[in-house]
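Participant: quick one, what's the 3D model for this:
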Amino acid sequence: QVQLIESGGGLVQAGGSLRLSCAASGRTFSNYKMGWFRQAPGKEREFVAAINWSGGSTYYSDSVKGRFTISRSNAENTVYLQMNNLYSEDTAVYYCAAGADIGLGFSRATEYDYWGQGAQVTVSS
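Facilitator: Numbers count the residues shown, from 1 in each chain. This is a model prediction of the structure:
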């Protein structure tokens with residue numbers, strides 16, 4: 001089992017920045033790829049960003065590429081999502097997720113086994 005706890009959400013004005021953190025506990029953190037997903041009201045959960053076990057490979061949705069940065073510290077069992085130049089459309093509950101890094105895909109929710117409880121991000125225009 002892996003437990004994931006997100007923090008760092010909140011209210012920010014459009015154009016502003018926030019950093020989300022996701023602290024993991026349980027099994028060996030460095031065995032897992034980590035992803036961030038988000039879900040806005042009335043919409044399906046969507047992929048935001050992912051990072052492989054070592055941090056050497058990162059992946060982003062087109063909607064956040066160039067604005068968001070995913071990173072991880074295996075020493076601290078934590079994954080981060082730095083969000084810059086936020087738009088009102090980025091308003092959502094953000095979830096971090098962990099999945100065994102066995103060389104498959106990164107962008108589908110079904111590829112992840114463990115999920116955090118979510119952190120609300122609200123961007124006011």
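Participant: which helix or strand contains residue 96?
Facilitator: In the assignment (DSSP states H and E), residue 96 maps to strand 92-100.
Participant: report the buried residues of that strand.
Facilitator: The neighbour-count check on strand 92-100 (16 or more other Cβ atoms under 10 Å) flags 92-99 as buried. No exception for glycine: its C-beta is placed from N, CA and C like everyone else's.
Participant: quick one, strands of this structure?
Facilitator: Remark: strands assigned in the chain by DSSP state E are 2-7, 10-13, 18-26, 32-39, 46-51, 58-60, 68-73, 78-83, 92-100, 114-115, 119-124.
Participant: where does the protein dip in pLDDT?
Facilitator: Counting by pLDDT under 70, the chain contains no low-confidence range.
Participant: need the residue closest to the centroid of it.
Facilitator: Centroid check for the chain by Cα atoms, centre = their mean gives residue 36 as the closest residue, at 2.2 Å.
Participant: go ahead and confirm it touches residue 48.
Facilitator: Yes: between residue 36 and residue 48 there is a contact at 4.3 Å, judged by Cβ atoms under 8 Å.
Participant: what sits in contact with each of the two?
Facilitator: 81, 94 (Cβ atoms under 8 Å, 6 or more residues apart in numbering).
Participant: residues contacting residue 93?
Facilitator: Residue 93 touches 38-40, 118-121, counting by Cβ under 8 Å, 6+ apart.
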